[in-house]
Structures are given as C-alpha cells and as structure tokens.
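Student: Need the 3D shape of this:
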Amino acid sequence: MVVDEGSTPPPPTRKTIDVSSPYFLTSDDHPGLNFVGENLLHDGNYSDWKNEMMNALFAKNKVGFIDNSLPMPEEGSADLRNWKRCNAMVRGWLVSAMEKEIKSSVKYVATARDIWLDLEERFGRENAPRAYKLRRTITTIHQEI
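Tutor: This next block holds a predicted model:
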C-alpha cells in the first residue's frame, strides 16, 4: 500500500473480544488486583481464601484458567496470545492475594492452573492432619541439655 506524504496510514485491525469470552479483560483489570482484601492466603485460611478467589474468578469468567476447562491452546492457534495474556493476569491475581512467604514459593510457576494445584496440595483439607502433625512436632521440639 502506498501512503501519500502528509497522510497517516490506517490503524491496524484489531479483533474485538466478546465480553462473554474468558479472554475478555476490562481496562480496570491489572495483575495486582486484590479480590480478597486483607484476607491474604496464609497457612490457616485456605478454605475461606479459596472460596473468595473462586467467586472472584467466576465473576471475571476466568475459572477455566484454574480448573483446566480452558487449557492452553496449541502453538500457532489464534487464541494462544490471548490465553497467555489472561493466564498472566490470573497468576497476578492469585499471587496478589497471598502472604509474602507463600507468594515467593509460587512466583516462578508458569500457569495459574499449576499455582492452584500447588496451593491445593499444600493447604487443602486432605493435608490438614499432616499439617497439624508437623505443627505439633515443631512446637514440641526442645534441646536436651
């Protein structure tokens, strides 16, 4: 296409994302958005935290990034860039809702799904007896003199 001097080239064409799409983000969305207020994830509140995060992710239509109902598209797919962008956003939302120690343990995890699974494994109900036993062991350790 030839552009005359003094005229501006047409803007690049952008595909509009439907508001009902899991790839839709608003101008208010950012990775540091905190959905849980002061209820940051720590060792004793996983169940409440998980419930709040699930509600927020459902409202944002992003649950598919953590429950694997929206897996990463194949390389070369038209949706791959949008998926990666939204995955990065969900990762940011999850990490922003954690205490510093937990945050540092998942900051290099590649997908929101992997962060979610890691947290479930560490803090989920199945591990409550193990966590109790570990805490009890730690609190009863003493040095012999």
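Student: since we're on Y23, how many residues are nearby?
Tutor: By the measure other C-beta atoms under 10 Å, the count of residues near Y23 is 16. Heads up, the C-betas are built off the backbone N, CA and C, glycines and all.
Student: okay, and the helix or strand of this protein with the least pLDDT?
Tutor: helix 128-140 (a mean of 73; mean pLDDT, DSSP states H and E).
Student: How far away from the center of its chain is the longest helix anywhere in the chain?
Tutor: Scanning the chain for the longest helix, with DSSP state H as the assignment, gives helix 80-96. Mean C-alpha position of helix 80-96 versus that of the full chain (C-alpha atoms, centre = their mean, to the nearest Å) differs by 6 Å.
Student: which other helices and strands contact the next helix or strand after it?
Tutor: Where DSSP states H and E defines the elements, the next helix or strand beyond helix 80-96 is helix 100-106. Helix 100-106 sits against helix 80-96, helix 112-123, with contacts defined as 3 or more C-beta pairs under 8 Å, 6 or more residues apart in numbering; DSSP states H and E.
Student: what residues does helix 100-106 touch?
Tutor: Helix 100-106 is contacted from outside by L41, H42, L94, V95, M98, I115, D118, L119, using C-beta atoms under 8 Å, 6 or more residues apart in numbering.
Student: The same query, at a cut-off of 10 Å, please.
Tutor: Helix 100-106 has contacts (C-beta atoms under 10 Å, 6 or more residues apart in numbering) with 40-43, 46, 91, 94-98, 114-116, 118-119, 122-123.
Student: and the residues you listed, which are buried?
Tutor: 40-41, 46, 91, 94-98, 115-116, 119, 123 (16 or more other C-beta atoms under 10 Å).
Student: And those, which is closest to S21?
Tutor: R91 (18.8 Å; C-beta to C-beta).
Student: pLDDT score for the residue nearest to that closest one when sequence neighbours are not counted?
Tutor: Distances taken as C-beta to C-beta, 6 or more residues apart in numbering place A112 nearest to R91, at 4.9 Å, with adjacent residues excluded. We have a pLDDT of 97 for A112.
Student: who wins for proximity to S21 among the helices and strands packed on helix 100-106?
Tutor: helix 80-96 (8.2 Å).
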